[in-house]
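K.L.:
quick one, structure for this:
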Amino acid sequence: MTRTPDDDGTAAPGDVAPTGVAPARATKVSVATLATMVVGSMVGAGVFSLPQRFAEETGVVGALIAWAVAGTGMLMLAFVFQDLAVRKPQLDAGVYAYAKAGFGEYLGFFSAFGYWASACVGNVTYWVLIMSTVGALVPALGAGDTVTAVAASTVGLWLFFFLIRRGVREATSLNRVVTIAKVVPILVFVLLTAFALDPAVLVANLRGADFSGSLFDQVRGTMLVTVFVFLGVEGANVYSRHARRREDVGRATVLGFLSVFAVFASVTIVSYGILPASELAGLRQPSMAGVLEAAVGGWGSAFVSVGLVVSVLGAYLAWTLMAAEVLFVAAKDDDMPRFLRGVNTADVPVPALLLTALTAQTFLLVTLLSQNAFDFALNLTSSLALVPYLLAAGYAFKLARSPERPRGGVLRRDLVVGALATLYTAFLLFAAGLTYLLVSFVVYAPATVLFVMARREQGRRLFSPREVVILVVSLVGAVVGVVALVAGWIHL
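P.N.:
This is a model prediction of the structure:
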């Protein structure tokens, strides 16, 4: 409930402003802070799982090809977000706004919801990995998927909710410190393992373990992992309403991407020089801990574990901020129910933040039913993000071919970037496979309830003929997904 301002006319900290009313002073952040939001979003749970996840799919050759494909594709996406931030400065919350501008309100709504849901599930991976890490010392936590682990994760989830509720400035300032603190252990890991690398082991791992699939299949098997670790490349765009200058958004995006790409590829390749691929594939998560332990001894595992906790908590902070921001901006644009427009005097969209926490809590409980909680959450996070990415890339390609497009070399560059980004994200949908595509439909389809609520609040027609087609496709996909889960054709 909204409290009245204090007698001096200023609202007390934590008060919620009336729905749709922004606070008097909006928080503005620098390019450095935006860049740390990008790095903080991408450097999280995924990087600590890379040695094991890659080794169970492919060897050094396949890993190099996979990083070349993923790096090129995600760089194209980074360029897409950089260009759109400058060419369409009126579009806030990046991924969602671009989908709506390019393909209509309903697909824009799905993009907003999918991106937000992906962030919520991604936050669950962070808690699972933290509990799995501590589980090496506390058996009751298991691999992060026991009742005790879920209970402990729940406590952490709500502590962060109250921290972020205090204010955007405090949260982003903390994120900058945490980002620096968590990158250092990863860089130390790369240096130590590079020094301890055995060339003979690296050569023996060129083809990896005995894989039955082709090199293409091996590379394809790594794609969801690369998507997961690169999620957050659009972080500066999502947070763009707080940027001091629009140009800062694009600079932060490319700077953040190039930094983490070098780190991720290095972590993967140097690990192949420490242990045989078959042993890497059998490591407990976080597998970086097992690699460094093999390289330098028992203290290496403890070092990585501490770094992981700092890293994951920082990523959780950044992703929770971005997830709430997407719901807030979508509600301001009348694509989400009006109750999500509320902000407090600290410029925090509290209702959107609360819904984000509740949804993460729900997915956290679902991990109790999955066969492998971490892999399930990681793959579902990546799958849910693919549609928003595809729509954003498609909008950039569409814009490059529109009458308002620039001419000359800029036009050719925009067409190439838009086309490559679109092809890459379409390939990722294929690489994701049928299981997570159907599970994504199960998540997407019920979200239409929020879309209907927003349309009714505005007294508008619920669906246009084109939107009815999209609705039917999503519902059919959801029904097939539910049937497949119940019949045991696919598994969580």
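K.L.:
show me where the stretch 151-300 of the chain dips below the pLDDT cut-off.
P.N.:
167-181, 208-213, 232, 234-250 (pLDDT under 70).
K.L.:
ok, residues contacting stretch 478-492?
P.N.:
Residues outside stretch 478-492 that contact it (C-beta atoms under 8 Å, 6 or more residues apart in numbering) are 366, 369-371, 376, 434-435, 438-439, 441-442, 444-446. No exception for glycine: its C-beta is placed from N, CA and C like everyone else's.
K.L.:
distance of residue 447 from residue 108?
P.N.:
From residue 447 across to residue 108, the span is 12 Å (C-beta to C-beta, to the nearest Å).
K.L.:
which of these two has more residues huddled nearby?
P.N.:
residue 108 (25 against 18; other C-beta atoms under 10 Å).
K.L.:
surely residue 88 is in contact with residue 82?
P.N.:
No. The criterion here is C-beta atoms under 8 Å, and residue 88 misses it with residue 82 at 11.6 Å.
K.L.:
residues in contact with the one helix or strand residue 164 maps to?
P.N.:
Residue 164 belongs to helix 147-165 when assigned by DSSP states H and E. Residues outside helix 147-165 that contact it (C-beta under 8 Å, 6+ apart): 14, 123-124, 127-128, 130-132, 135, 140-142, 144, 170-171, 313, 316-317, 320-321, 324, 344, 346, 348, 350, 353-354, 357, 360-361, 364-365, 367-368.
K.L.:
give the buried residues for that helix.
P.N.:
Neighbour-count burial for helix 147-165 flags 149-150, 152-154, 157, 160-161, 164-165 (criterion: 16 or more other C-beta atoms under 10 Å).
K.L.:
in PDB, list the C-alpha atoms belonging to that helix.
P.N.:
Presented in PDB, the C-alpha positions along helix 147-165 are these (Å, rounded to 0.1, in the frame of the first residue of the first chain):
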ATOM      1  CA  VAL A 147      14.700 -30.200   0.000                       C
ATOM      2  CA  THR A 148      17.400 -28.700   2.200                       C
ATOM      3  CA  ALA A 149      19.100 -27.100  -0.700                       C
ATOM      4  CA  VAL A 150      15.800 -25.600  -2.000                       C
ATOM      5  CA  ALA A 151      15.000 -24.300   1.500                       C
ATOM      6  CA  ALA A 152      18.400 -22.600   1.800                       C
ATOM      7  CA  SER A 153      18.000 -21.200  -1.700                       C
ATOM      8  CA  THR A 154      14.600 -19.800  -0.800                       C
ATOM      9  CA  VAL A 155      16.100 -17.800   2.000                       C
ATOM     10  CA  GLY A 156      18.800 -16.400  -0.300                       C
ATOM     11  CA  LEU A 157      16.200 -15.500  -2.900                       C
ATOM     12  CA  TRP A 158      14.200 -13.400  -0.600                       C
ATOM     13  CA  LEU A 159      17.100 -11.700   1.000                       C
ATOM     14  CA  PHE A 160      18.100 -10.400  -2.400                       C
ATOM     15  CA  PHE A 161      14.600  -9.300  -3.000                       C
ATOM     16  CA  PHE A 162      14.700  -7.000   0.000                       C
ATOM     17  CA  LEU A 163      18.200  -5.800  -0.900                       C
ATOM     18  CA  ILE A 164      17.200  -4.800  -4.500                       C
ATOM     19  CA  ARG A 165      14.000  -3.200  -3.200                       C
END
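K.L.:
which one is residue 128 nearest to, not counting chain neighbours?
P.N.:
Closest residue to residue 128 apart from its sequence neighbours, by C-beta to C-beta, 6 or more residues apart in numbering: residue 144 at 3.7 Å.
K.L.:
could you look up the SS state of that neighbour?
P.N.:
coil (DSSP: H, G, I helix; E, B strand; the rest coil).
K.L.:
could you pull out the helices for the stretch 51-200 of the chain?
P.N.:
60-87, 94-103, 105-134, 147-165, 168-196, 199-204 (DSSP state H, counting those that start in this stretch).
K.L.:
quick one: residue 217 is in a strand?
P.N.:
No. With three-state DSSP as the criterion, residue 217 is located in helix rather than a strand.
K.L.:
how far away is it from residue 134?
P.N.:
Distance from residue 217 to residue 134, by C-beta to C-beta: 35 Å.
K.L.:
those two: which is more packed in?
P.N.:
residue 134 (17 against 14).
K.L.:
can you pull the pLDDT of the closest residue to the more buried one other than its chain neighbours?
P.N.:
Distances taken as C-beta to C-beta, 6+ apart put residue 141 closest to residue 134, at 5.5 Å, once the chain neighbours are dropped. Here, the pLDDT recorded for residue 141 equals 87.
K.L.:
residues contacting residue 141?
P.N.:
Residue 141 touches 131-132, 134-135, 148-149, 152, counting by C-beta under 8 Å, 6+ apart.
K.L.:
list the buried ones in whichever helix in the chain runs longest?
P.N.:
Counting residues, the longest helix found in the chain (DSSP state H) is helix 298-332. The neighbour-count check on helix 298-332 (16+ other C-beta under 10 Å) flags 300-301, 303-305, 307-332 as buried.
K.L.:
and stretch 97-114, by the same measure?
P.N.:
Buried-residue list, stretch 97-114, by 16+ other C-beta under 10 Å: 97-103, 105-114.
K.L.:
circling back: against residue 373, how distant is the residue nearest to residue 128?
P.N.:
The separation that residue 144 has from residue 373, given C-beta to C-beta, amounts to 6 Å.
K.L.:
need the residues touching each of these two.
P.N.:
With C-beta under 8 Å, 6+ apart, residue 144 and residue 373 have common neighbours 128, 367.
K.L.:
count the residues that sit near residue 341.
P.N.:
When neighbours are counted by other C-beta under 10 Å, residue 341 comes out with 24.
K.L.:
same check, this time on residue 253
P.N.:
Neighbours of residue 253 (other C-beta under 10 Å): 28.
K.L.:
now do it against residue 330, distance only.
P.N.:
21 Å.
K.L.:
got the buried residues for stretch 185-195?
P.N.:
Buried residues in stretch 185-195 (16+ other C-beta under 10 Å): 185-186, 189-190, 192-193.
K.L.:
which one of the residues you listed sits closest to residue 388?
P.N.:
residue 186 (26.9 Å; C-beta to C-beta).
K.L.:
that closest one reaches residue 270, doesn't it?
P.N.:
No. At 11.4 Å, residue 186 and residue 270 do not qualify as touching, with contact defined as C-beta under 8 Å.
K.L.:
residues in contact with stretch 103-117?
P.N.:
93, 95-101, 323, 326-327, 330, 335-336, 356, 359, 384-385, 387-388, 391-392, 394-395, 440, 443-444, 447, 450-451, 454, 463-464, 466-467, 470-471, 474.
K.L.:
and the closest residue to residue 66 other than its chain neighbours, how many residues sit next to it?
P.N.:
Spatial nearest neighbour of residue 66, excluding adjacent residues (C-beta to C-beta, 6+ apart): residue 222 at 4.3 Å. Neighbour count of residue 222, defined by other C-beta under 10 Å: 24.
K.L.:
separation between residue 222 and residue 142?
P.N.:
The value you get for residue 222 to residue 142, if C-beta to C-beta is used, is 26 Å.
K.L.:
now do residue 194
P.N.:
In terms of C-beta to C-beta, residue 194 sits 33 Å off from residue 142.
K.L.:
tell me the SS of residue 469?
P.N.:
Per three-state DSSP, residue 469 ends up helix.
K.L.:
so who does the nearest residue to residue 145 once chain neighbours are set aside touch?
P.N.:
Leaving aside its chain neighbours, residue 145 sits nearest to residue 373 (3.6 Å; criterion: C-beta to C-beta, 6+ apart). Residues near residue 373 by C-beta under 8 Å, 6+ apart: 128, 143-145, 367.
K.L.:
mind putting those residues in a markdown table, distance to residue 58 and neighbour count included?
P.N.:
Shown next, in a markdown table, are the contacts of residue 373 (distance: C-beta to C-beta, whole Å; neighbours: other C-beta atoms under 10 Å):
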| residue | distance to residue 58 | neighbour count |
| --- | --- | --- |
| 128 | 24 | 31 |
| 143 | 23 | 19 |
| 144 | 25 | 26 |
| 145 | 26 | 23 |
| 367 | 27 | 26 |
